[in-house]
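Participant: coordinates only, sequence not included:
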């Protein structure tokens with residue numbers, strides 16, 4: 001062919017500076033582009049063979065070879081794919097495949113560097129100019145009579161094209177790296193990038209350091225292949241030793257035979273796995289296969305709890321594996337990794353438009369050939385197809401969890417503490433997921449049993465019926481009816497709308513701190529669930545919004561009727577008035593809410609309650625770090641409940657003018673607060689001093 005010189009078919013001399021600046025946010029991605037082009041060329045050549053248009057050599061082994069040379073500052077990507085003719089080089093290389101540089105400039109001049117545009121214009125090859133001052137191509141087409149072609153360009157708009165020197169079908173691209181990008185000719189840096197982008201590409205990829213010293217390995221002679229380069233033959237003579245036989249005679253025995261080994265040039269090993277686990281059918285994969293893949297890909301040597309193998313062909317093609325990792329930290333420090341692939345070519349990590357946000361807490365891989373290789377996130381945001389993929393993944397995760405709850409309840413319970421942050425976060429972020437999972441969310445109760453909401457509510461309902469039947473058998477029909485009727489029926493008709501008929505689910509946030517309340521609940525056969533995660537406050541609010549038949553209330557938000565004697569407010573009015581005045585005066589809290597009750601447990605003197613609404617407001621304030629918002633801001637919701645059956649409270653009632661009463665009042669208040677939450681430093685100091693004072697008084701009396 002005749003030599004040719006010319007200008008690249010573009011409308012601006014500034015195209016290469018723009019490519020270098022805006023083509024990708026990460027310059028190392030040129031490796032992916034050039035190697036995936038090589039893989040595509042090999043795939044096309046194999047298809048030509050299948051169609052009978054080309055006959056592959058019998059010893060053909062498809063491969064892409066990356067050769068780095070830090071001394072010469074070069075990098076080569078070589079494939080044995082279908083190659084190009086001069087006309088094809090003219091079409092695919094010289095005429096940059098997009099609708100004019102002016103259009104390109106206009107469209108992308110204001111875009112941020114994060115928007116990957118190459119997929120829109122077929123600029124994969126030109127990513128080489130992000131790191132190279134000059135790029136050369138040597139290529140030979142598969143077509144009969146094709147001549148080798150040489151092409152070179154120094155990063156301007158001028159190119160040279162002429163007769164090449166390649167003798168084998170395929171393409172060799174040489175990058176003469178610029179001074180800022182010499183790292184890519186370093187073998188270890190190259191391997192790092194190849195592992196990132198090319199670990200699962202469908203063609204074997206080999207990395208060669210042209211400046212490295214040859215490496216050798218020793219193999220048994222019978223394992224030699226035609227490709228092995230033998231450096232040396234190593235003979236090990238048989239080993240013998242003299243032993244005494246069963247007749248007491250000495251004889252020479254061979255303990256190891258003669259062996260012949262070969263020292264050969266080390267066999268090249270591909271850096272990628274061309275048949276990753278997600279491409280296989282789940283029936284072909286063992287548990288150990290899944291665990292090994294997890295360790296290899298995510299470098300996490302803690303075993304995953306379980307996994308979901310995605311395998312879908314219609315209405316779109318999607319495969320993948322999602323792992324639920326074991327969590328040892330609080331929710332807000334969890335960080336997962338979902339790797340997105342297109343036909344085994346890495347695209348990106350954690351693209352929220354494709355992967356539901358709450359599933360980014362997981363680890364896994366998703367391979368969807370129907371997505372563009374070069375994802376533009378701005379384009380994905382309004383893509384209905386992408387939304388369907390996200391919905392499908394969410395559905396498969398929910399189906400897996402529901403299936404486990406139904407058929408593997410014991411395992412589901414064992415995993416619950418680790419997987420609950422995923423599920424709760426998913427319920428907050430995705431209403432459909434929340435509705436689907438509603439009956440399969442587990443709650444650990446104060447007896448260390450796991451129950452779903454339906455199980456929890458059913459248990460309470462059956463308990464109520466049983467109590468009613470017991471009362472009826474005892475002849476107390478009125479009590480029995482009161483236990484089983486709907487709460488709304490107890491009120492006059494005009495008050496029905498004001499009565500909250502939702503069933504109450506009590507919960508605990510701190511088992512130790514709220515131990516007094518838990519003890520009372522257990523004593524009277526009442527139940528509560530443990531919600532001690534920092535996501536739980538938002539989570540139960542979401543559940544209440546989507547379920548109108550129950551509500552959540554912290555165990556210390558109020559004293560439930562089951563813990564109180566059946567006494568009317570009128571009977572307690574005098575005691576309440578007296579106690580309110582006494583405690584407000586002693587504590588210096590004129591706005592303190594006080595309530596008098598006859599609790600069944602006489603050992604309990606005082607408890608503090610804070611309305612559920614007030615508590616959640618406090619939690620919200622703390623979540624958003626709003627300064628100056630302390631407990632006193634919601635003092636109107638805080639109530640001191642005093643048990644008039646307790647001897648100490650009775651003493652205060654009967655001796656309100658006694659000199660010790662103010663001390664008793666302060667002590668009862670602080671004890672109630674301690675059962676609710678830790679005291680502030682100043683209050684704790686006063687409590688300790690007062691406790692010492694009381695003990696000193698008792699000590700003096702006992703003398």
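Facilitator: Received the coordinates, thanks. All values derive from a computational prediction rather than experimental measurement. Residues are numbered from 1 along each chain as shown.

Participant: Start from the N-terminal end of the stretch 201-350 of the chain and give the strands.
Facilitator: Taking DSSP state E, counting those that start in this stretch to define them, one finds strands in the stretch 201-350 of the chain at 204-209, 216-220, 230-236, 239-244, 250-256, 259-265, 306-312, 318-324, 337-342, 345-349.

Participant: Dump these to CSV, plus distance to residue 428 and mean pLDDT.
Facilitator: Where you see a C-beta, it was placed from the backbone N, CA and C, and this is true even at glycine. Output for these, formatted as CSV (distance: least, CB to CB, whole Å; pLDDT from 0 to 100):
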stretch, distance to residue 428, mean pLDDT
strand 204-209, 42, 96
strand 216-220, 55, 88
strand 230-236, 64, 87
strand 239-244, 71, 84
strand 250-256, 67, 83
strand 259-265, 58, 88
strand 306-312, 21, 90
strand 318-324, 18, 92
strand 337-342, 19, 86
strand 345-349, 23, 83
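
Participant: if you compare those, which one is most tucked away?
Facilitator: Burial among the strands of the stretch 201-350 of the chain, expressed as mean neighbours by mean count of other CB atoms under 10 Å, is greatest for strand 318-324, which shows a mean of 24.

Participant: name the helices or strands packed onto that strand?
Facilitator: helix 287-298, strand 306-312, strand 363-367, helix 384-407, helix 409-429 (3 or more CB pairs under 8 Å, 6 or more residues apart in numbering; DSSP states H and E).

Participant: Pick the most deeply packed of those.
Facilitator: Between those, the one whose residues have the most neighbours on average, counting mean count of other CB under 10 Å, is strand 363-367 (a mean of 24).

Participant: about what we covered before: present the helices and strands packed on strand 318-324 as TSV; the columns should include distance to residue 57.
Facilitator: Formatted as TSV, the entries for these read as follows, by distance: least, CB to CB, whole Å:
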stretch	distance to residue 57
helix 287-298	33
strand 306-312	35
strand 363-367	31
helix 384-407	40
helix 409-429	51
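
Participant: Could you name the stretch from the ones you listed that's closest to residue 230?
Facilitator: Of all these, the one in closest proximity to residue 230, counting by CB to CB, is helix 287-298 (32.7 Å).

Participant: Next, the angle from the closest one to strand 363-367.
Facilitator: What separates the directions of helix 287-298 and strand 363-367 is an angle of 90 degrees, with axes from the mean of the first three to the mean of the last three CA atoms, to 10 degrees.

Participant: Now helix 287-298: average pLDDT?
Facilitator: Computed over helix 287-298, the mean pLDDT rounds to 93.

Participant: cool, stretch 504-521 as well?
Facilitator: Stretch 504-521 comes out at a mean pLDDT of 87.

Participant: Contacts for it, please.
Facilitator: Contacts with stretch 504-521, where a contact means CB atoms under 8 Å, 6 or more residues apart in numbering, come from 443, 446, 453, 456-457, 526-532, 536, 540, 550-556, 560, 563, 601, 604, 607, 675-678.

Participant: Check stretch 387-399 too.
Facilitator: So stretch 387-399 is contacted by 308, 310, 312, 315-316, 318, 320, 322, 353-356, 359, 366, 368, 371, 426, 430, 432-433, 436-437 (CB under 8 Å, 6+ apart).

Participant: Apply 7 Å and report the result again.
Facilitator: Among residues not part of stretch 387-399, those counted as contacts by CB atoms under 7 Å, 6 or more residues apart in numbering are 308, 310, 312, 316, 318, 322, 354-356, 359, 368, 430, 433, 436-437.

Participant: cool, and stretch 315-330?
Facilitator: For stretch 315-330, the surrounding residues in contact (CB under 7 Å, 6+ apart) are 277-279, 290, 294, 300, 302, 304-312, 334, 336, 359, 362-370, 389, 392, 397, 418-419, 421-422, 534.

Participant: Then stretch 197-212?
Facilitator: Taking CB under 7 Å, 6+ apart as the criterion, the residues outside stretch 197-212 that touch it are 29, 31-32, 35-36, 39, 42, 62-71, 187, 190-191, 194, 268, 270-274, 276, 341, 343-346.

Participant: List buried members of those by neighbour count.
Facilitator: Those of those that meet the buried threshold are 29, 31-32, 35-36, 39, 42, 62-70, 187, 190, 194, 271-273, 276, 341, 343-346, by 16 or more other CB atoms under 10 Å.

Participant: What helix or strand is residue 542 located in?
Facilitator: If you go by DSSP states H and E, residue 542 is part of helix 536-546.

Participant: what about that helix, distance to the chain center?
Facilitator: 21 Å (CA atoms, centre = their mean, to the nearest Å).

Participant: avg pLDDT for it?
Facilitator: The average of the pLDDT scores along helix 536-546 is 88.

Participant: how far away is residue 177 from residue 52?
Facilitator: Summarising the geometry, the distance separating residue 177 from residue 52, computed by CB to CB, to the nearest Å, is 42 Å.
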